[in-house]
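In: Here is a sequence together with a model predicted from it:
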Amino acid sequence: MREGASAFSSDLRIAEIARVAEKGARGGRFWQPVGIRLRRDGTRKDNTRRHLVPSLGVNDMAIDLGTANTLVYVGGRGIVVSEPSVIASDVETGEVHAVGADAELMIGRTPASISAVRPLRHGVIADFEVTEAMLRHFIRKVLDRRMAHPRLIVCAPSGVTEVERRAVEEASLAAGARRVHLIEEPIAAAIGAGLPIEEPVGRMVVDVGGGTSEMAVISLGGIVVSRSVRVGGYEMDEAIAHYLRTTHQLAVGSRTAERIKIEIGSAVALHPEETVEVRGRHLLSGLPTAILLSSGEIRDAIAGPMREVLQAIRDTLEDTPPELAGDIARDGILLAGGGTLVRGFSQLVAAETGMPVSSAESPLTCVAVGSGQALDHFDQLSIARRSRRPAYAADWRGA
């Protein structure tokens, strides 16, 4: 009789634990109901690591899957990986030879049997299998065990289609993720820069990355108006390489064009103007040659991509509701992304819009940091995906 009463008492305790855990989950505290072994006297037998603990831990990761670079943020540790989004693999077998910085060194230098490519283009997946292999490499590198299945938050451009969104989710799941949630890059950039996006105040974020440029007006934690143009740092590099081919008959690689942009690229006139020596292959003679290039020439070369970004900023401001536009005129525009590091870019945006412009404290990492901070609210994000309201502007215009 005493043994039956003890068993009945243990069943009551386990039922109460499950009930409290379920109530905690509904309250947003992410408790996981698990079985707990009890002694006959009712005390807990601590011989297992499976306790009632929050589900947030080292297995929660946020990935800024960019066209140029991939950054990995791990809960409780911060950014642990920041490497180029490049993978080198065997053309016939698909065997991966290098990923990240090591693979980037191989671009333009591989034999015919090895291909070094960027699997993302304009912020979306261009090669599904290669992207999956790259994600799997970064996940295993961070967690250091093959059986790890983390929950992931992945950044994506605000203008991606449903097919492109599904491609990112499927690639992440195939790479070993347990659950995946996508977050818009402007939202992540605003969080990472410390903007209070939950307030009923208009905040404008301009994120110029390697393959896309995002402009968004944020209020009450969601995107009100946004633009996404497939122009970024790589289009500037291509414009520089095209200028050298047509003007100087000089062929250069993408890495050389990027180096030129970083060293002497500018959006406004420099005082004094700067020069750099560029080496490449002459298109007429076919021989290696060197020329002296000025910052004014590079400014003219990248003027086209710059105009497209500025036009998208103006279009976004034109579609912004009046009350939010007033907030932006007062608080200004926040710049994020590596493309905004071109010298004079903030001055150019301020001159074109007539509004104050500021840069994020860390433009290259604020998207990854913001998505990492969103890990604390993974379950809420999965339940209620933020929806954009593109018809909002039409409403106030017709009123």
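Out: In hand now; what should we look at?
In: can you give me the mean pLDDT across the strand or helix carrying Ala188?
Out: Using DSSP states H and E, Ala188 sits in helix 185-192. Averaged across helix 185-192, pLDDT comes to 94.
In: and the direction of the helix or strand following that helix versus that of helix 185-192, what angle?
Out: Next helix or strand after helix 185-192 toward the C-terminus (DSSP H and E): strand 203-208. Orientation of strand 203-208 against helix 185-192 (axes from the mean of the first three to the mean of the last three CA atoms, to 10 degrees) gives an angle of 110 degrees.
In: So which elements touch strand 203-208?
Out: helix 185-192, strand 213-219, helix 303-318, helix 322-331, strand 333-336 (3 or more CB pairs under 8 Å, 6 or more residues apart in numbering; DSSP states H and E). The C-beta positions use only the backbone N, C-alpha and C, and glycine is treated the same way.
In: Any idea what the most centrally placed residue in the chain is bridged to?
Out: The structure's the chain has its C-alpha centroid closest to Asp64; by CA atoms, centre = their mean the separation is 3.1 Å. Assessed by DSSP bridges, Asp64 has beta-bridge partners Leu71.
In: if I pick it, what's in contact with it?
Out: 70-73, 155, 185, 188, 367-368, 371 (CB atoms under 8 Å, 6 or more residues apart in numbering).
In: ok, and the most crowded of these?
Out: In terms of neighbours by other CB atoms under 10 Å, those top out with Val367 at 34 neighbours.
In: Now do the helix or strand hosting that one and helix 185-192, the angle between them.
Out: Using DSSP H and E, Val367 maps to helix 366-373. Interaxial angle of helix 366-373 relative to helix 185-192 (the same axes, to 10 degrees): 80 degrees.
In: Mind checking the pLDDT average for helix 366-373?
Out: Confidence for helix 366-373, expressed as mean pLDDT, is 94.
In: relative to strand 213-219, how tilted is that helix?
Out: 50 degrees.
In: if we can go back for a sec, now the two most distant members of the contacts of Asp64.
Out: Greatest spatial distance among the contacts of Asp64 (CB to CB): Val72 and Glu185, at 15.7 Å.
In: which residues touch stretch 160-178?
Out: Contacts of stretch 160-178 (CB under 8 Å, 6+ apart): 59, 63, 65, 123-125, 128, 131-133, 135-136, 139-140, 148-152, 154, 156, 180, 182, 228.
In: Can you tell me which of those residues are buried?
Out: 59, 63, 65, 123-125, 131-133, 135-136, 139, 148, 150-152, 154, 156, 180, 182, 228 (16 or more other CB atoms under 10 Å).
In: In strands only, show me these.
Out: Among the buried ones among the contacts of stretch 160-178, the members falling in strands (DSSP state E) are 63, 65, 124-125, 151-152, 154, 156, 180, 182, 228.
In: and the least confident of these?
Out: Scoring these by pLDDT puts Val124 last, at 84.
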